[in-house]
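Q: need a 3D model of the sequence below.
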Amino acid sequence: RINAYIEEEVQRRLRKMNLLNGSSMDLQPFTLHFFFPSLFQRLPVQHLVSRPPGTSCGGLQEPVKLSIPRYVLRGQGKDEHFEFEVKITVMDETWTVFRRYSRFREMHKSLKLKYPELAALDFPPKKLFGNRDERMVAERRNHLERYLRNLFRVMLSSSSSPLRADEDGLFHLSKRDVCDFSSFFKKGVFEYSSHGTG
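A: Residues are numbered from 1 along each chain as shown. The predicted model follows:
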């Protein structure tokens, strides 16, 4: 009962902050243990975000819809790490992969070499400390999701991109096209450890 009251108060304050800042962004549901970690001991970390994948600010649907709806804590001891769930939708095909931050960074570096127009994209920097701090991970999730959406926005309009529209401005994309573009999006790739994907 007290937890419900606290959650309601947190949501009320977030709405008030959004109104004061003049922001029209949808509020994301935050879990209680994000705001009040002292109330909870070591619970499994799994944050969900309610936002339709691939929806742009103007509400227009993208040919490739991407979201990072949650992150999970995997591994034990020195191998403990966060993985981000990447949900991809192309036409009527939807699939999910889990990736560590380092895999995002590797993909960004390799794609920048192949497509120089991606060099201008804002990529979340590597942190030397605080990699397991939940606030930092939640912020990183937002940055990575924004990065992926911007990546596809650039590649869908670039003349050198295999994902660009045809002469009539139509997209004929499939799951295979996206996976061929980067193995980062392939299911089964990097899934070699006892704790899931890499």
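
Q: contacts, neighbours, all on C-alpha from now
A: OK.

Q: need the longest helix for this structure.
A: Longest helix in the chain, counting residues (DSSP state H): helix 134-157.

Q: now that one: average pLDDT?
A: Helix 134-157 shows an average pLDDT of 93 in the prediction.

Q: residues of that helix that come out buried?
A: 134, 137-138, 140-149, 151-152, 154-156 (16 or more other C-alpha atoms under 10 Å).

Q: so after the helix or strand of the chain with the lowest mean pLDDT, what's the next helix or strand?
A: Here the helix or strand of the chain ranked lowest by mean pLDDT, DSSP states H and E is helix 32-35, holding a mean of 47. Per DSSP states H and E, helix 32-35 leads on to strand 64-74 as the next helix or strand towards the C-terminus.

Q: next, the angle from that next one to helix 134-157.
A: Using axes from the mean of the first three to the mean of the last three C-alpha atoms, to 10 degrees, the inter-axis angle of strand 64-74 relative to helix 134-157 is 150 degrees.

Q: helices or strands next to strand 64-74 in the packing?
A: strand 81-90, helix 134-157 (3 or more C-alpha pairs under 8 Å, 6 or more residues apart in numbering; DSSP states H and E).

Q: in JSON lines, list the ones you listed along with distance to Ser183.
A: Output for the helices and strands packed on strand 64-74, formatted as JSON lines (distance: least, C-alpha to C-alpha, whole Å):
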{"stretch": "strand 81-90", "distance to Ser183": "13"}
{"stretch": "helix 134-157", "distance to Ser183": "14"}
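
Q: between the ones you listed, which gets nearest to Gly75?
A: Nearest to Gly75, of all these, is strand 81-90, at 6.2 Å by C-alpha to C-alpha.

Q: mean confidence score for that closest one?
A: Here the average pLDDT along strand 81-90 is 94.

Q: cool, and stretch 166-183?
A: So the average pLDDT for stretch 166-183 ends up being 88.

Q: quick one: secondary structure of Arg164?
A: Secondary structure, DSSP: H, G, I helix; E, B strand; the rest coil: Arg164 is coil.

Q: now it. Its backbone dihedrals?
A: When read as degrees, to the nearest 10, the backbone of Arg164 gives phi -70, psi 160.

Q: what's around it, how many residues?
A: Look at Arg164: counted by other C-alpha atoms under 10 Å, it has 20 neighbours.

Q: what do you get for Lys127?
A: Lys127 has 8 nearby residues by other C-alpha under 10 Å.

Q: would you mind measuring from it to Asp133?
A: Between Lys127 and Asp133 the computed distance is 11 Å (C-alpha to C-alpha, to the nearest Å).

Q: which residues touch Val64?
A: Val64 makes contact with Gly54, Ile88, Thr89, Val90, Met91, Phe152 under the criterion C-alpha atoms under 8 Å, 6 or more residues apart in numbering.

Q: quick check: the fifth one touching Asp177?
A: No - in this structure, Met91 sits apart from Asp177 without contact. The criterion is C-alpha atoms under 8 Å, and the distance is 11.6 Å.
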